[in-house]
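Q: Need a 3D model of the following:
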Amino acid sequence: MYSGLLLLVALIGFILKLLLQLISALPAVAQMAYEVRPVVIAYLHLVLVGVISSFLLAWYLEKDLLKTRSAQCGIMLYLISFFGMELCLLLTPWWNLISKLVVFPASNYTFIFCAFLCLSCLILFRSAFSSKTEKSQYEG
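A: Presented below is the predicted three-dimensional model:
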């Protein structure tokens, strides 16, 4: 189930990447992307974390390298933190317009989601090594 969800995230991210590349051929959009750094960071984040990492996590799930209960929690935390960081990065240039609705600046929310993303990576690493040791204990 989670591998299908991760592959869907990777596919949607790849389609968005292609659409953004197509739209950036317009001079006004290219100028905005050049001037607004968080938009470029969000694009790179989408490609590297959204497409590549999601695809690799789905591959690990299909190869049964991540199959503990903590891996499922790590994947859900990964997805939540990825979407939260993307949203914060995309809204950073316009954060002052919506600042009446939120308490902290965009950089604080981005840091919180980044910390959750790091935590999800640690959970996934731990579950990968714990499932490997469980396999070796049953084989020996």
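
Q: C-alpha from now on. contacts and neighbour counts both.
A: Will do.

Q: which residues of this structure fall in helices?
A: 2-23, 27-35, 37-45, 54-62, 69-91, 106-139 (DSSP state H).

Q: Between those, which has the poorest mean confidence score?
A: Between these, the one with the least mean pLDDT is helix 106-139; it has a mean of 81.

Q: residues of that one that come out buried?
A: Along helix 106-139, these residues count as buried under the neighbour rule (16 or more other C-alpha atoms under 10 Å): 106, 109-110, 113-114, 116-117, 119-121, 123-124, 126-128, 130-131.

Q: What of stretch 24-36?
A: Ala33.

Q: now swap in stretch 76-96 and tell me
A: Residues of stretch 76-96 classed as buried by neighbour count (16+ other C-alpha under 10 Å): 77-79, 81-82, 84-86, 88-92, 95.

Q: what's the spacing between the most centrally placed residue in the chain and Ile75?
A: The centroid of the chain falls nearest to Phe82 when counting by C-alpha atoms, centre = their mean (3.0 Å). Taking C-alpha to C-alpha, to the nearest Å as the measure, Phe82 and Ile75 are separated by 10 Å.

Q: who touches Ala58 in this structure?
A: With contacts defined as C-alpha atoms under 8 Å, 6 or more residues apart in numbering, the neighbours of Ala58 are 2-4, 6-7.

Q: Can you go through the residues you listed and name the buried ones?
A: In the contacts of Ala58, burial by neighbour count holds for 3, 6-7, counting by 16+ other C-alpha under 10 Å.

Q: Can I get these in JSON lines including distance to Leu48?
A: Below are the buried ones among the contacts of Ala58 laid out as JSON lines (distance: C-alpha to C-alpha, whole Å):
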{"residue": "Ser3", "distance to Leu48": "18"}
{"residue": "Leu6", "distance to Leu48": "14"}
{"residue": "Leu7", "distance to Leu48": "14"}
